[in-house]
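S.K.: Prediction below, plus the sequence it came from.
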Amino acid sequence: MKDSSRSSPPPTLPFFPSLRRYLPSATVILLLFSLGYIAGLLSSPSSPSSVNPQLQSHIRDSNCSFSPPHDLFRFHTDCAKPIPHDRVLPTLLNRLFNNTSPYSDFPSPETATLLLPPAAHPRGWGSTKPVFSDLISTIRPLTIIELGTFLGASALHMASLTRNLSLPNSLIICLDDFRGWPAFRSRFGRHVPIPHHADSLLLHQFMLGVSAAGETHRILPVPFSTSSGLAALCEWGIYGDLIEVDAGHDFHSAWSDINMAYAVLRPGGVLFGHDYYTAADDHGVRRAVTLFSRAKGLKVRPHGEHWVLSPKPVDSVPV
């Protein structure tokens, strides 16, 4: 008879006899793995693992740079030797218009029917402000380069000023693609012709105004983007004594124009422009002017709606 007061042994999990002999080895392996893991944690430093110094520097410079990236200042500024002033117009006519004035036989009968009568005062913005007379009377430029022309209000005004200051041989080079900008007709439709076959006709309207003013021998359009036009002037050795920047109002357009224009500015010449207080692109023009003046060690002087940089140092290369 079994004694019911004796406790029965606890139940055990069934093991296959063939596996039971591997249990001690598995336990030892698990224990060693755990000890190795703990030892690794205890031996690791509290600070992050070391990083390649060059990579660390790159990360720091990318995230915390206090100076503009190098590429922002990379412009082609190694221009050709300046050509004489009396060769500037022939060179442009040869390079751009196959040695023929673009005003020859202009306008054609077909084009004339598409244009508006030339205005005595073409539409412009700040085109007759005192800054023009102040700078032209001081510098007495022989070559003036204008970036952004539209209908030619400021170009015609500068032609009048140079003529009155006994500078009849001054040449005014107008860089503009003469396309306007999207939706500009909604604001200035009464000042511009109706487009024809996707042609804005701004170039022809500008040329008509120049012809009416009798200035075809001194005002020459360069109907390309400002960047490609300035690159060509740099390559051909054509420099300006006075350069006006009045094209794009966003930072990057103004920044490019200012840098490329400065490359073709004669030593002692002056670079100036419009829209110093224009709010477009968070005052993009003023930001570009300020950055450029600081980078070059120049002073920027507000002049009404315009900005004026201090003259280019005379020890600059082109003379």
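M.R.: Happy to help now that I have it. Numbers count the residues shown, from 1 in each chain.
S.K.: helix or strand right after the worst-scoring helix or strand of the chain on mean pLDDT?
M.R.: One helix or strand of the chain scores below all others by mean pLDDT, DSSP states H and E: helix 53-64, with a mean of 44. Proceeding N to C from helix 53-64, the next assigned helix or strand is helix 88-97, under DSSP states H and E.
S.K.: what's that next one packed up against?
M.R.: Helix 88-97 sits against strand 171-175, strand 219-222, helix 226-236, with contacts defined as 3 or more C-beta pairs under 8 Å, 6 or more residues apart in numbering; DSSP states H and E. Bear in mind the C-beta positions are built from the backbone N, C-alpha and C, glycine included.
S.K.: Send me the helix or strand that it is followed by as PDB with only the CA atoms.
M.R.: Where DSSP H and E defines the elements, the next helix or strand beyond helix 88-97 is helix 109-112. Output of helix 109-112 as PDB, limited to C-alpha atoms (Å, rounded to 0.1, in the frame of the first residue of the first chain):
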ATOM      1  CA  PRO A 109       7.000  96.800 -94.300                       C
ATOM      2  CA  GLU A 110       5.600  93.600 -92.700                       C
ATOM      3  CA  THR A 111       7.200  94.400 -89.400                       C
ATOM      4  CA  ALA A 112       6.100  98.000 -89.400                       C
END
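S.K.: buried set for helix 109-112?
M.R.: The neighbour-count check on helix 109-112 (16 or more other C-beta atoms under 10 Å) flags residue 111 as buried.
S.K.: other SSEs contacting the very next helix or strand once past that helix?
M.R.: Downstream of helix 109-112, the first helix or strand assigned by DSSP H and E is helix 130-139. Packing partners of helix 130-139 (3+ C-beta pairs under 8 Å, 6+ apart): helix 153-164, strand 240-245, strand 265-273, strand 300-303, strand 306-309.
S.K.: so who does residue 255 touch?
M.R.: 72, 288, 291-292 (C-beta atoms under 8 Å, 6 or more residues apart in numbering).
S.K.: and the helix or strand harbouring it with helix 226-236, angle?
M.R.: Residue 255 is part of helix 251-263, with elements assigned from DSSP H and E. For helix 251-263 against helix 226-236, the angle between stretch directions is 20 degrees (axes from the mean of the first three to the mean of the last three C-alpha atoms, to 10 degrees).
S.K.: For the nearest residue to residue 275 once chain neighbours are set aside, grab the count of nearby residues.
M.R.: Excluding its sequence neighbours, the residue lying closest to residue 275 (C-beta to C-beta, 6 or more residues apart in numbering) is residue 285, at 4.5 Å. Residues contacting residue 285 under the criterion other C-beta atoms under 10 Å number 29.
S.K.: ok, now which ones touch residue 285?
M.R.: Each residue near residue 285 by C-beta under 8 Å, 6+ apart is listed here: 249, 251, 254, 273-276, 278, 307.
S.K.: and which of these is nearest residue 239?
M.R.: Using C-beta to C-beta, residue 273 is the member of the contacts of residue 285 that lies nearest residue 239, at 17.4 Å.
S.K.: per-residue confidence for the residue nearest to the closest one when sequence neighbours are not counted?
M.R.: Spatial nearest neighbour of residue 273, excluding adjacent residues (C-beta to C-beta, 6+ apart): residue 245 at 3.5 Å. pLDDT, residue 245: 98.
S.K.: Looks like residue 245 contacts residue 260 (just checking).
M.R.: No - assessed by C-beta atoms under 8 Å, residue 245 is found out of contact with residue 260, at 9.7 Å.
S.K.: Mind putting the helices and strands packed on helix 130-139 into JSON lines with distance to residue 115 and mean neighbour count?
M.R.: Output for those, formatted as JSON lines (distance: least, C-beta to C-beta, whole Å; neighbours: other C-beta atoms under 10 Å):
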{"stretch": "helix 153-164", "distance to residue 115": "16", "mean neighbour count": "21"}
{"stretch": "strand 240-245", "distance to residue 115": "25", "mean neighbour count": "26"}
{"stretch": "strand 265-273", "distance to residue 115": "29", "mean neighbour count": "21"}
{"stretch": "strand 300-303", "distance to residue 115": "34", "mean neighbour count": "15"}
{"stretch": "strand 306-309", "distance to residue 115": "30", "mean neighbour count": "23"}
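S.K.: how about these, which one is nearest residue 316?
M.R.: So among the helices and strands packed on helix 130-139, strand 265-273 is nearest, using C-beta to C-beta, at 4.3 Å.
S.K.: name the element the closest residue to residue 106 other than its chain neighbours belongs to?
M.R.: Computed as C-beta to C-beta, 6+ apart, the closest residue to residue 106 that is not its neighbour in sequence is residue 207, at 5.9 Å. Residue 207 is part of helix 202-212 when elements are defined by DSSP H and E.
S.K.: Which strands and helices lie in contact with that helix?
M.R.: Using 3+ C-beta pairs under 8 Å, 6+ apart, helix 202-212 sits against helix 153-164, strand 219-222.
S.K.: how about residue 116, what does it touch?
M.R.: For residue 116, counting by C-beta under 8 Å, 6+ apart, the contacting residues are 191-193, 205.
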